Every structure is written in C-alpha cells, then in structure tokens.
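how does the following fold in three dimensions:
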Amino acid sequence: MKKITLLFFLLTILAMVAIAQDQLIVFIQKGELVSEDFMNNSYPELEVFANKQKIDVTIVDILEKGAPPEVMLTPMLVFQNERGRSFYKGRYLMLPKIKNFIRTVRRVPQENTIEKAGEHPVWIAGKSITKAKVKLTELSGDLPPDFDQVTFLAEGKKCIKKAFTKFKLKPKQALHRSNRSFYLDFYPHLSADGSFSISMALYSMFNCIDPIYVQY
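Numbering: from 1, shown residues only. The predicted structure is shown next:
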C-alpha cells in the first residue's frame, strides 16, 4: 500500500513538473498540403526560436494520435504552461506574429471564454466550424420619401442568410478560439431609373480592411 501511495505521489509530482514546463504543441495532419507547407516553411525557424526560449515543442499528428475537441483545424499551435493554455488564431506562415503570440501568452494566457454563434450563420464540416459575419449597409441612391431603412435592413439580412446553402443559423452553437470566420459586406443601391443593384466584399478574419474578393 505504501508503494502504491508513493508511486501515486511521484506521478502527481511529475505531472505538475510537466505542466509547469513551457510547452508548444503543434497539431498537424501528415499528407495534408497546409500542414506540409507549415512544416517545411515555418516550423524550422519556429523550432530554433522555441529552443532559444527554452520551450519544449511537441508535434502531434492527429491522424495517428488524435486531438482534443478544441483542435478543429490543422496546423494548430497551442501554448501551455502553469498559467494556462492558449490557441494561436493567426496565419501559420507569419512567424513574427507566432513569436509575439508565444511571448504574450507565456505571461498572460488567453481567457477561457466560449461564445455562441448567435445571429451569425455557421458552416459545420466535421470538427471545423466557420462563422459568416454578414453586414448589410443602408440602401443608398435615389430613395422614395417614405422609404423605411429599418425594415429594409431587417428583411434584407433575413434574405441573405436564407440564400446560404452550407451556412445555417444555429444561435446556440458554441464557438472556440480555433474556429474560423470571415466578413461578408453587402452594399445595396437604388438608381434614379428604379433599377436595384448590390455590391459585395469578402474579408478574411485576419484583415478586415483589404477585401480578398469583391463583386460589383
């Protein structure tokens, strides 16, 4: 009985020591183009940085070892120490941002907050969840005197969301930091001849200033 108690005590101490160590866990899928690109072009420099910072790095192929529920996309970078666990949400090829992320969460970990999808439609594909943030601006142009912008915006947003095929409204769907999202802005216009037109701009979650796609 004493031996079992001692063994349990030693295992507990080892677990405490392990979590106290600064750790960077890299979740990948071998054979996946994005994961291979990360390992070939980003990981070598990241490994050098981690070694200089005395951070233990572990590579986990989720196809062989699996992954926790929070890991929904690969590559996924997770930093943890005795202060907490944090998930990198930026672009995997931007080494300066990854390094800054590590420096920051090493001292102040991310808050463990879970948000809901709410009014934003989501696309669930396996473990991956993508959120579409839809914005509809007020109708511009030659408007009639009694035009109701409030009703137009409310009904317009409903129509846009109904037009999605893969994205669905799931207000109670939990969203994690590792989920992805994008911004979809619509700009309607009414001409003097009565013709209606609408332009669209699609923005990445990493850049809400420069659109990655526009349709006039």
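
okay, CA-based contacts and neighbour counts for the rest of this
Noted.

doesn't Asp185 belong to a helix?
No: the assignment for Asp185 by DSSP: H, G, I helix; E, B strand; the rest coil gives strand, which leaves it out of any helix.

contact partners for the nearest residue to it once chain neighbours are set aside?
Spatial nearest neighbour of Asp185, excluding adjacent residues (Cα to Cα, 6 or more residues apart in numbering): Lys135 at 4.7 Å. Taking Cα atoms under 8 Å, 6 or more residues apart in numbering, we find Lys135 in contact with Lys157, Tyr183, Leu184, Asp185, Phe186.

tell me which of the residues you listed is nearest to Asp193?
Each of the contacts of Lys135 was scored against Asp193 by Cα to Cα, and Phe186 proved nearest at 21.1 Å.

re the thing from before, can you give me the buried ones in the helix or strand where the residue nearest to Asp185 lies?
Per DSSP states H and E, Lys135 falls inside strand 128-136. By neighbour count on 16 or more other Cα atoms under 10 Å, the buried set for strand 128-136 is Ile129, Thr130, Lys131, Ala132, Lys133, Val134, Lys135, Leu136.

my read: Pro171 touches His120, true?
Yes: between Pro171 and His120 there is a contact at 7.4 Å, judged by Cα atoms under 8 Å.

more neighbours: the two, which one.
His120 (18 against 13; other Cα atoms under 10 Å).

quick one: that one and Gln173 touch, right?
No: contact criterion Cα under 8 Å: His120 and Gln173 do not qualify, at 10.0 Å.

pull the number of nearby residues for Met76.
The burial count for Met76: 21, using other Cα under 10 Å.

ok, now Thr104?
Close neighbours of Thr104, defined as other Cα under 10 Å, add up to 13.

surely it is in a strand?
No: counting by three-state DSSP, Thr104 is not part of a strand but helix.
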